[in-house]
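> Sequence plus the predicted model coming up.
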Amino acid sequence: MCGIVGIVSASPVNQQIYDSLSLLQHRGQDSTGIATAEGSIVHMRKARGQVREAYRTRDMRSLLGTMGLGHVRYTTRGSASSEEESQPFYVNAPYGIVLVHNGNLTNTRELTEELFHIDRRHLNTSSDTELLVNVLAHELQEAISGTDLDPDQVFTAIGRLHERVEGSYAAIALIAGHGLLAFRDPFGIRPLVLGRRSGGLLGDEWIVASESLVLEASGYEIVRDVAPGEAVFITTEGEMVARQCAAHPRLVPCSFEYVYLARPDSIMNGISVYEARLRLGERLADTIERHAPLGDIDVVMPIPDSSRPAALQVARKLGIEYREGFYKNRYVGRTFIMPGQEQRKRSVKQKLNAMSSEFRGKNVLIVDDSIVRGTTSREIVDMAREAGAHKVTFTSAAPPVRYPHVYGINMPTRRELIAAGRRIPEIAADLGADHLIYQEVEDMKAAIIEGSDVTDLEMSCFTGEYVTGTVTDDYLDWVERNQLS
């Protein structure tokens with residue numbers, strides 16, 4: 001999971017990209033980068049940390065041009081501490097290409113060998129984004145005929161890229177002196193939204209970003225989502241052309257975007273994230289009613305912020321009082337996307353404080369959006385008991401996470417998942433909860449896609465079924481060995 005944005009504007013884009021990345025900060029806190037194009041000259045700044053920490057006035061002054069892109073990184077591949085692995089990535093031929101990427105490639109071993117032995121390209125990092133930009137550069141070089149670049153050649157290159165690359169990728173590339181390119185994998189696993197606004201006499205201005213809230217906050221009209229397998233090319237003059245470049249595209253967006261990752265005020269693939277979370281609460285309430293002693297529950301409490309819509313609906317449907325028992329320190333990052341188990345554990349109590357007045361002597365039902373490693377959940381149950389709770393029923397708006405996620409979310413090893421190979425009573429005992437209730441898989445799917453044109457979701461971490469069809473046990477073992485080494 002990362003956040004990406006690309007803009008072609010009638011005015012300088014440096015501040016626009018900075019503001020957009022600030023809105024996408026929830027999607028990545030490890031590092032950030034901005035690249036802009038001033039004619040054929042590319043300017044770039046990359047740094048570790050969050051957006052507000054990374055850029056100074058002198059940096060912004062150096063990011064010249066009316067076309068650019070930006071990235072906030074949440075590490076799923078490579079080192080979180082290495083600035084060299086931060087995005088964007090740049091190759092100087094053909095033309096000069098800068099690329100940002102949200103997702104995770106699953107055939108990196110094969111691509112690395114191909115690039116070195118066949119394409120004769122050198123890699124400097126272990127980042128799959130560097131692989132992606134080199135594949136794009138090679139295929140674009142092969143597609144070029146003549147001295148200039150036209151959209152047909154770009155789309156031919158993307159078609160060949162789809163044939164070579166496996167996994168999830170929403171990507172934006174800046175081709176120096178020519179335009180901005182955005183493309184999405186054939187399953188549309190990671191989100192990408194296209195927007196437009198009038199640039200007056202200078203024509204249309206365009207934006208592509210991970211979430212629609214960026215478009216709305218910046219005054220752009222939401223045009224549509226970039227389709228699975230589609231490529232969109234926007235020239236430096238603001239002319240947009242798009243083409244389907246995949247042989248068999250099929251929309252299967254990531255369910256975890258709606259459960260946790262995206263901001264609630266975003267709309268992705270025609271689905272309101274906020275309304276999806278309300279429906280998750282409705283479905284969860286039905287399951288709670290079947291499995292929990294309701295007469296034994298005094299209050300319903302959310303873990304702020306992403307579980308609040310679900311908790312509100314649980315309380316409303318069950319007719320139980322809704323209370324806010326946890327206060328959130330908004331200056332601590334999202335613990336799920338912090339690198340390392342120890343850092344996550346240290347950050348939980350810095351992030352949340354349980355108010356004793358809301359817990360003392362009560363039987364509480366706590367609603368969280370999901371339970372992944374169990375670190376946060378275990379600490380929360382302990383905090384509730386220390387604050388005076390009599391009984392703790394812990395519930396998850398998502399099903400048990402039993403399998404590794406390989407499409408861009410940092411849960412690649414089975415041993416770190418608290419639900420892997422375990423029954424729910426065992427998990428409840430580990431968390432220290434009196435009762436533990438999970439959302440059902442089919443209920444989650446139905447709640448998210450209800451009222452939309454989406455018919456399927458990427459749910460591999462819940463079901464073990466990998467939508468791309470190319471994820472093998474050997475690959476999962478390899479990922480796990482590399483993660484633990």
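That came through, no problem. Numbering: from 1, shown residues only.
> Where do the domain boundaries of this protein fall?
3-251, 273-453 (automatic domain parsing).
> what separates the first one from the chain centre, distance-wise?
Relative to its parent chain, domain 3-251 has a centroid offset of 15 Å by Cα atoms, centre = their mean, to the nearest Å.
> now the shortest one
In terms of Cα atoms, centre = their mean, the gap separating the centre of domain 273-453 from the centre of its chain is 20 Å.
> So which residues of the stretch 151-300 of the chain form helices?
Along the stretch 151-300 of the chain, the segments classed as helices by DSSP state H, counting those that start in this stretch run 151-164, 212-217, 255-256, 273-291.
> Ala433: which of these is closest?
helix 273-291 (12.9 Å; Cβ to Cβ). From N, CA and C alone the C-beta is placed, and that goes for glycine too.
> re the thing from before, looking at the helices of the stretch 151-300 of the chain, which is nearest to Gly70?
Of those, nearest to Gly70 by Cβ to Cβ is helix 212-217, at 10.2 Å.
> Quick check: which ranges of this structure have low pLDDT?
Within the chain, the stretches with pLDDT under 70 are 75-83, 200-202, 330-349, 484-485.
> hmm, back to that, just put the helices of the stretch 151-300 of the chain in CSV and tack on mean neighbour count and distance to Val51.
Formatted as CSV, those follow (neighbours: other Cβ atoms under 10 Å; distance: least, Cβ to Cβ, whole Å):
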stretch, mean neighbour count, distance to Val51
helix 151-164, 20, 29
helix 212-217, 21, 13
helix 255-256, 26, 23
helix 273-291, 21, 21
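> what's around Pro400, how many residues?
23 (other Cβ atoms under 10 Å).
> quick one, phi/psi of the nearest residue to it once chain neighbours are set aside?
Residue nearest to Pro400 in three dimensions, not counting chain neighbours: Ala419, with 3.6 Å by Cβ to Cβ, 6 or more residues apart in numbering. Backbone torsions of Ala419, given as degrees, to the nearest 10, read phi -90, psi -10.
> can you pull the contacts of Ala419?
Applying Cβ atoms under 8 Å, 6 or more residues apart in numbering, one finds that Ala419 lies in contact with Ile371, Pro400, Val401, Arg402, Ile427.
> and which of these is nearest to Met1?
Set against Met1, the nearest of those by Cβ to Cβ is Val401 (14.5 Å).
> Using the three-state scheme, assign the closest one.
coil (DSSP: H, G, I helix; E, B strand; the rest coil).
> Surely it touches Leu417?
Yes - between Val401 and Leu417 there is a contact under Cβ atoms under 8 Å: 5.4 Å.
> Of these two, which one has the most company?
A side-by-side neighbour count of Val401 and Leu417, using other Cβ under 10 Å, places Val401 first with 25 against 22.
> From Gly464, how far off is that one?
11 Å (Cβ to Cβ, to the nearest Å).
> do the same with Phe155
Taken as Cβ to Cβ, the span from Phe155 to Gly464 is 35 Å.
> How many residues are close by Gly421?
When neighbours are counted by other Cβ under 10 Å, Gly421 comes out with 9.
> whoops, I mixed them up, Leu64
With other Cβ under 10 Å as criterion, Leu64 counts 16.
> phi, psi of it?
phi -90, psi 150.
> hmm, back to that, turn the contacts of Ala419 into JSON lines, columns for distance to Glu239.
Shown next, in JSON lines, are the contacts of Ala419 (distance: Cβ to Cβ, whole Å):
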{"residue": "Ile371", "distance to Glu239": "48"}
{"residue": "Pro400", "distance to Glu239": "49"}
{"residue": "Val401", "distance to Glu239": "44"}
{"residue": "Arg402", "distance to Glu239": "48"}
{"residue": "Ile427", "distance to Glu239": "54"}
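> Which single one of these is nearest to Leu132?
Distances from Leu132 to the contacts of Ala419, taken by Cβ to Cβ, are shortest for Val401, at 26.6 Å.
> And the closest one, its phi and psi?
phi -90, psi 100.
> What residues does Gly65 make contact with?
Gly65 neighbours (Cβ under 8 Å, 6+ apart): Pro12, Val13, Asn14, Thr36, Ala37, Glu38, Gly39, Ile41, His43.
> try 10 Å
9, 12-14, 35-39, 41-43, 174, 176, 236 (Cβ atoms under 10 Å, 6 or more residues apart in numbering).
> ok, of these, which come out buried?
For those, a neighbour count by 16 or more other Cβ atoms under 10 Å gives the buried set as 9, 12-14, 35-38, 42-43, 174, 176, 236.
> In strands, which of the residues you listed fall?
Ala35, Thr36, Ala37, Glu38, Val42, His43, Leu174 (DSSP state E).
> quick check, nearest of those to Asn329?
Closest to Asn329, out of all of these and judged by Cβ to Cβ, is Ala35, at 33.0 Å.
> So for Val401 and Leu417, which residues contact both of them?
By Cβ under 10 Å, 6+ apart, the residues touching both Val401 and Leu417 are Ile371, Val372, Arg373, Gly374, Met411, Cys461.
> ok, which stretches of the stretch 351-485 of the chain are strands?
352-354, 363-368, 391-396, 435-438 (DSSP state E, counting those that start in this stretch).
> Remind me what the first one packs against, helices and strands.
Same thing as strand 352-354. strand 326-328, helix 375-386 (3 or more Cβ pairs under 10 Å, 6 or more residues apart in numbering; DSSP states H and E).
> farthest-separated two in the shared contacts of Val401 and Leu417?
Gly374 and Cys461 (14.3 Å).
> end to end, how far does stretch 304-324 reach?
With Cα to Cα, to the nearest Å as the measure, stretch 304-324 spans 9 Å from end to end.
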